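>>> output the structure for:
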Amino acid sequence: MPIELKMPALSPTMEEGTLAKWLVKEGDSVSSGDLLAEIETDKATMEFEAVDEGVITKLLVAEGTDGVKVGTIIAMIAGEDEDSTPAPKVAPAEPKAEAAPPPPPAAVALAPAAPAAPAVQSDGDRVKASPLARRIASERAVDLSQISGTGPNGRIVKQDVEAAIGGAPAAPAAIAATSASPSASAPKAAPAAAIDTDIPHEVVKLSNMRKTIARRLTESKQQVPHIYLTVDVRLDALLKLRAELNASLESRGVKLSVNDMLIKALGLALIQVPKCNVSFAGDTMLQYSRADISVAVSVPTGLITPIVKGAESKTLSAISTEIGELAGRAKEGKLQPHEYQGGTASISNMGMMGIKQFEAVINPPQGMILAIGAGEKRPYIVDDALAIATVMSATGSFDHRAIDGADGAMLMKVFKELVEKPLGLVA
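Model prediction:
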């Protein structure tokens, strides 16, 4: 029986994608683990691997096709013992209606990772999974029997394991959202109206990433009650320590940025003020014991947030090296789902562009985001006397459903103290 290759869900939030490029052609023989195509998701361009052996008999979706729904048949494979004559063409899925608003992300974002009911196809007691998926699951201690496979015949593929790893922390939020009554859910935003203008312009097609950013940030502002708290932070001691550390790290090829040190400070502050290291999940709240900091990185197609996991326990040099590597791959669109999905809080730094102060939008299901402004020379009271100091403004945006103002204020106070007395960052 011919094997149907379907559009995979390469991330927990993926509902559709762009088939950017085929890496095979009709008549090619493929084996398990071979790369078949490059697929653009809402966050990155990822490779799609084969999970069965056979011959490609028909490519049903052309390169560059947008809006291919997850589960759409994109190609056919004839098994080793089958006739490899091209399979009859399967009609592609109907294009999505532009006027239909997308479903709330909380209800679908992490469904693949929720272990509600193992939907894995198996032969007897043997779970069907590709060799690569088995290897990743073994390395990361993931139970394959708790994962639903999206490959042919329910086979678990690499992306299923990565989705389970990356999406697990926020699964309770998804469960809470889906269990809420329809009347309790926030109203869906109406689609933006077409603009009729005689001003000279060009129409720029939105990338999948930009569509996702537009949808999720709109929903965040509509559904999450934001509270904003700002502190001014003196940077002189931190800048002095940074210079000393960079001089000692030069031989190792490491150069710390101010942002590296602020990531560490936020991680430590979240551990010291655990009431802010949380996610709101309907009738429950997730209290995290580790500070995984999502770092906003601008890329050509939008914004992505690679994660520094356990930032509170990592050295400054380790954070610097990790951020450099993650940011580089983010700009190339090569991050894996577990590297940008999850996180317990975010940091967004626009100081290098001269922005003095701003208020960032929370990235659900996280409970807070810290917005960092530029460090600049300002009049400042030092030892009860007016002086000139290097000062930056930092603004925390907090989910007021989960975090009270007093707790948010305590987090900002601890963050300020850690930055102004920075030896605690290396202790």
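>>> give me the element the nearest residue to residue 21 once chain neighbours are set aside is part of.
Nearest residue to residue 21, sequence neighbours excluded (C-beta to C-beta, 6 or more residues apart in numbering): residue 38, at 4.3 Å. (C-beta placed from N, C-alpha, C; glycine too.) Using DSSP states H and E, residue 38 sits within strand 35-40.
>>> name the SS class of the residue nearest to residue 45 when sequence neighbours are not counted, please.
Excluding its sequence neighbours, the residue lying closest to residue 45 (C-beta to C-beta, 6+ apart) is residue 333, at 4.3 Å. Classification of residue 333 by DSSP: H, G, I helix; E, B strand; the rest coil places it in coil.
>>> same check, this time on residue 262
On the three-state scheme (three-state DSSP), residue 262 is labelled helix.
>>> isn't it right next to residue 373, touching?
No: with contact defined as C-beta atoms under 8 Å, residue 262 does not count as touching residue 373 (11.3 Å).
>>> where does this protein have low pLDDT?
For the chain, the stretches with pLDDT under 70 are 1, 12-13, 42-43, 79-126, 131, 151-153, 166-193.
>>> buried stuff in the longest strand along the chain?
Counting residues, the longest strand found in the chain (DSSP state E) is strand 385-399. Going by neighbour count (16 or more other C-beta atoms under 10 Å), the buried part of strand 385-399 is 389-399.
>>> that one: partners in the sheet, and parallel or antiparallel?
Sheet neighbours of strand 385-399, with direction, are listed as strand 226-234 (antiparallel), strand 368-372 (antiparallel), strand 376-382 (antiparallel) (DSSP bridges).
>>> that older thread, the residue nearest to residue 45 and residue 344, how far apart?
Separation of residue 333 from residue 344 (C-beta to C-beta, to the nearest Å): 25 Å.
>>> got it, and residue 155?
Residue 155 is 33 Å from residue 344, by C-beta to C-beta.
>>> same thing with residue 263?
13 Å.
>>> residues that sit against both of those two, list them.
residue 293 (C-beta atoms under 8 Å, 6 or more residues apart in numbering).
>>> quick revisit: quick one: contacts for the residue nearest to residue 45?
40, 44-45, 299, 301.
>>> of these - the most surrounded one?
residue 44 (24 neighbours; other C-beta atoms under 10 Å).
>>> and the gap between the residue lying closest to that one once chain neighbours are set aside and residue 136?
Closest residue to residue 44 apart from its sequence neighbours, by C-beta to C-beta, 6+ apart: residue 333 at 4.6 Å. As judged by C-beta to C-beta, residue 333 and residue 136 stand 20 Å apart.
>>> can you check residue 68 too?
25 Å.
>>> burial measure for residue 357, as a count.
Neighbour count for residue 357, taken as other C-beta under 10 Å: 16.
>>> assess the claim that it and residue 376 are in contact.
No: look at residue 357 against residue 376 with C-beta under 8 Å: they stay out of range, at 10.8 Å.
>>> and stretch 44-55, C-alpha only, in CSV?
The C-alpha trace of stretch 44-55 is given here as CSV (Å, rounded to 0.1, in the frame of the first residue of the first chain):
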residue,chain,number,x,y,z
ALA,A,44,12.1,28.8,11.5
THR,A,45,12.9,26.9,8.4
MET,A,46,13.2,23.2,9.3
GLU,A,47,14.1,20.0,7.6
PHE,A,48,11.6,17.2,7.2
GLU,A,49,13.0,13.6,7.3
ALA,A,50,11.8,10.3,5.9
VAL,A,51,10.6,7.6,8.4
ASP,A,52,10.1,4.8,5.8
GLU,A,53,12.0,3.3,2.9
GLY,A,54,10.7,3.4,-0.6
VAL,A,55,10.5,5.4,-3.9
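>>> re the thing from before, what is the subsequent helix or strand relative to the longest strand of the chain?
Next along from strand 385-399, by DSSP H and E: helix 405-420.
>>> residue 357: what secondary structure?
Three-state call for residue 357 (three-state DSSP): coil.
>>> so what's the closest residue to residue 408 other than its chain neighbours up against?
Leaving aside its chain neighbours, residue 408 sits nearest to residue 398 (4.2 Å; criterion: C-beta to C-beta, 6+ apart). Residues near residue 398 by C-beta under 8 Å, 6+ apart: 226-229, 276, 362, 367-368, 405, 408.
>>> partner residues bridging residue 398?
Residues in beta-bridge contact with residue 398 (DSSP bridges): residue 227, residue 368.
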